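no sequence for this one, just the structure:
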């Protein structure tokens, strides 16, 4: 865990704003354990009615892609526009998609 | 003294309001001084919940008193003797363990008090309590979690919180000693008989203290009383001085 040795572990907070939507990353916070992290998340990220459900995940459990790998990971899809489903004629009856 | 009411219902509502306001004011002293940002926000949130609750009670009391009385008159223009809060809530914040020990005793009492008030024969008090109990349930969880972590924490946190819990025992006892106003309220069904709340309170408190690996609450501790009669500790005047000075220097000031 990074940071000062006296510092509590860092947690990533994900909040679902309403039922049916996915949890979205809201930010991070420090807490001594998972239960406290949930309570802190409630106070820090949902005090203006932003959510109906909270996930907290130890930041150390997040595996992130490296900026160095940006080219091999993401560049190849830049010139493959055919992967977007925009080449179909949509019948009028279907309406807005 | 102006706004010192003889109406028993108004007096009871004021007692409820004063607890919420004085503890809210006490907790607000932590704003910007919490040991860590997240806990600073947590305590400030609880403080705001309590001040919000105090406002609802004061607005109701002001209506009962009439004569143009407002919530601001009751919060800012009454003197110490007119405040009927428990001695516990005016005690200084001390260190983190002190603040959480005080909060833990109060929140647990407050929960059972609000639970009873939810069934008040007074419709307005019932409404206020049914709304507040959701906030209070969170406060009680939060302070209990802290007591468990501090008690079952390091050697230092255990020793400190054990001393804090023991220190506030004498003040927690006042919850369960009925004042004349309490007795009147229980008689009319506005609020609970406070002495009847003790068994449930004690059971809950001791269940948490067991998890925290600290001694059980010593129920034979002699209660310090007086707060509910307006006889306060020396700290009360300082709280009012800070809280009321602005409103008294600039009466009728607005944002």
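Received the coordinates, thanks. On a predicted model such as this, the values are computed, not experimentally measured, just so you know.

okay, now the closest residue to residue B:10 other than its chain neighbours: neighbour count?
Nearest non-adjacent residue to residue B:10, counting by CB to CB, 6 or more residues apart in numbering or on different chains: residue B:64, 4.1 Å away. Every C-beta, even on glycine, is put in place using the N, C-alpha and C of the backbone. Residue B:64 is flanked by 18 other residues according to other CB atoms under 10 Å in any protein chain shown.

Residue B:64 is in contact with residue B:7, isn't it?
Yes - counting by CB atoms under 8 Å, residue B:7 is a contact partner of residue B:64 at 5.9 Å.

for the helix of greatest length in chain A, packing partners?
Secondary structure of chain A per DSSP state H: the longest helix is helix A:34-45. In this structure, helix A:34-45 makes packing contacts with strand A:10-16, strand A:24-30, strand A:53-58, helix B:37-65, helix B:123-151, judged by 3 or more CB pairs under 8 Å, 6 or more residues apart in numbering or on different chains; DSSP states H and E.

Of all the residues in the fourth one, which ones are buried?
The neighbour-count check on helix B:37-65 (16 or more other CB atoms under 10 Å in any protein chain shown) flags B:38-51, B:53-62, B:64-65 as buried.

ok, now the last one?
Applying a neighbour-count criterion of 16+ other CB under 10 Å, one finds B:124-125, B:128-129, B:132-133, B:135-136, B:138-140, B:142-151 buried in helix B:123-151.

Against chain A, how distant is the closest residue to residue B:17 other than its chain neighbours?
Leaving aside its sequence neighbours, residue B:17 sits nearest to residue B:57 (CB to CB, 6+ apart; 3.4 Å). Going from residue B:57 to chain A by CB to the nearest CB, to the nearest Å gives 22 Å.

try residue B:94
21 Å.

if you skip the residues just before and after it, what's nearest to that residue?
Closest residue in space to residue B:94, ignoring its immediate chain neighbours: residue B:164 at 7.0 Å, by CB to CB, 6+ apart.

Which residue is it, in chain B, that comes closest to chain A?
Closest residue of chain B to chain A, CB to the nearest CB: residue B:38 (4.1 Å).

circling back: the buried residues of helix B:123-151 also near chain A: which ones?
The subset of the buried residues of helix B:123-151 within reach of chain A, by CB under 8 Å from any CB of the partner chain, is B:138, B:142, B:145, B:149.

Let me know the pLDDT of the third one.
Same thing as residue B:145. With respect to pLDDT, residue B:145 scores 96.

Also the first one?
Predicted confidence (pLDDT) at residue B:138: the value is 96.

Around chain B, pick out the residues from chain A.
Counting by CB under 8 Å from any CB, chain A sits next to chain B at A:8, A:29-33, A:35-36, A:39-40, A:42-44, A:47.

who in the stretch 1-150 of chain B is up against chain A?
So far as CB under 8 Å from any CB goes, the stretch 1-150 of chain B lies against chain A at B:36, B:37, B:38, B:39, B:41, B:42, B:45, B:138, B:141, B:142, B:145, B:149.

Not counting its neighbours along the chain, what's nearest the first one?
Once its chain neighbours are removed from consideration, residue B:36 has its nearest residue in residue A:30; the separation is 6.0 Å (CB to CB, 6+ apart).

May I have the residues that are in contact with the one you found?
Counting by CB atoms under 8 Å, 6 or more residues apart in numbering or on different chains, residue A:30 makes contact with A:7, A:8, A:9, A:10, A:11, A:40, B:36, B:37, B:38.

could I get the residues of the stretch 1-150 of chain B next to chain A as CSV with distance to residue A:23?
As requested, these are exported to CSV (distance: CB to CB, whole Å):
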residue, distance to residue A:23
B:36, 25
B:37, 23
B:38, 20
B:39, 24
B:41, 21
B:42, 22
B:45, 22
B:138, 21
B:141, 22
B:142, 23
B:145, 23
B:149, 26
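
Neighbours of residue B:8, how many?
Residue B:8: 17 surrounding residues under other CB under 10 Å.

Good, wrapping up.
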